[in-house]
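>>> this is a predicted model, with the sequence first.
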Amino acid sequence: MPITTDEVERVDLRELFRRLRGRRAPTRTTAGTNRGYLTVRVNLQERRLVLEEAKIRLHTTTPHLGGERWWAQCPRCDRRIAILYRLPWASGFACRTCHGLVHRSAVAGPVERARLRYLRAREALGDRQPLLGGPLPPKPPDMHWSTWDRLTQRLKEAELQYRNAFAGAARGPVVADR
Ligand SMILES: [Zn+2]
């Protein structure tokens, strides 16, 4: 059974890049991980990030709606990524593929897959502790209404699929023999 991405230390840089948007001076700050926080040194001007002594190159792309999107470059395979992973027994951060990790949904059954999709749809709306059937979080101030509408629609669909998958599993498999 492969190791899944939620079982290891994970640094999602998207929140960091959002926070530093437009900053050009070198900055010392923290990046959130699933274990807490790591101290980072960022120089957006020179497109460099230092994460616990690991030097990581940064890139930008321009989405067609404008603005700029920041990426880290995987130190091993040079792919553009937003999330870096670290294994407890290996040093260094790298992308999911370089560490041979899979998403939990890849090893999950249909109900679990539907549940993960539903939770991801809630997280995309800024819901940090997604509660099943809970109220929608307030719209993040920097999110466009069109994005909000698209994401809430996706959440509705994911919730329906999850309920259907769950109801199907609760009925149990159809047994043909008697
Ligand atoms: Zn890689």
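Sure, I can see it.
>>> other SSEs contacting the lengthiest helix in the chain?
Longest helix in the chain, counting residues (DSSP state H): helix 145-171. With contacts taken as 3 or more C-beta pairs under 8 Å, 6 or more residues apart in numbering; DSSP states H and E, helix 145-171 sits against helix 110-124. C-beta here means a position set from N, CA and C on the backbone, and glycine is covered the same way.
>>> using PDB, write down the CA coordinates of the helix it packs on.
What follows is helix 110-124 as a C-alpha-only set of coordinates in PDB (Å, rounded to 0.1, in the frame of the first residue of the first chain):
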ATOM      1  CA  PRO A 110     -16.200   5.200  -3.500                       C
ATOM      2  CA  VAL A 111     -17.700   6.600  -0.300                       C
ATOM      3  CA  GLU A 112     -14.400   7.800   1.000                       C
ATOM      4  CA  ARG A 113     -13.500   9.300  -2.400                       C
ATOM      5  CA  ALA A 114     -16.900  11.200  -2.400                       C
ATOM      6  CA  ARG A 115     -16.200  12.300   1.200                       C
ATOM      7  CA  LEU A 116     -12.800  13.700   0.300                       C
ATOM      8  CA  ARG A 117     -14.100  15.500  -2.700                       C
ATOM      9  CA  TYR A 118     -16.800  17.100  -0.500                       C
ATOM     10  CA  LEU A 119     -14.300  18.100   2.200                       C
ATOM     11  CA  ARG A 120     -12.000  19.600  -0.500                       C
ATOM     12  CA  ALA A 121     -14.900  21.500  -2.000                       C
ATOM     13  CA  ARG A 122     -15.500  23.000   1.500                       C
ATOM     14  CA  GLU A 123     -11.800  23.800   2.000                       C
ATOM     15  CA  ALA A 124     -11.700  25.600  -1.400                       C
END
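>>> that one vs helix 145-171, what angle?
Computed with axes from the mean of the first three to the mean of the last three C-alpha atoms, to 10 degrees, the direction of helix 110-124 lies at 160 degrees from that of helix 145-171.
>>> tell me how this protein divides into domains.
Domain assignment for the chain by automatic domain parsing gives 5-86, 108-169.
>>> out of those, nearest to the ion?
With C-beta to the ion, the closest approach to the ion among these belongs to domain 5-86: 3.2 Å.
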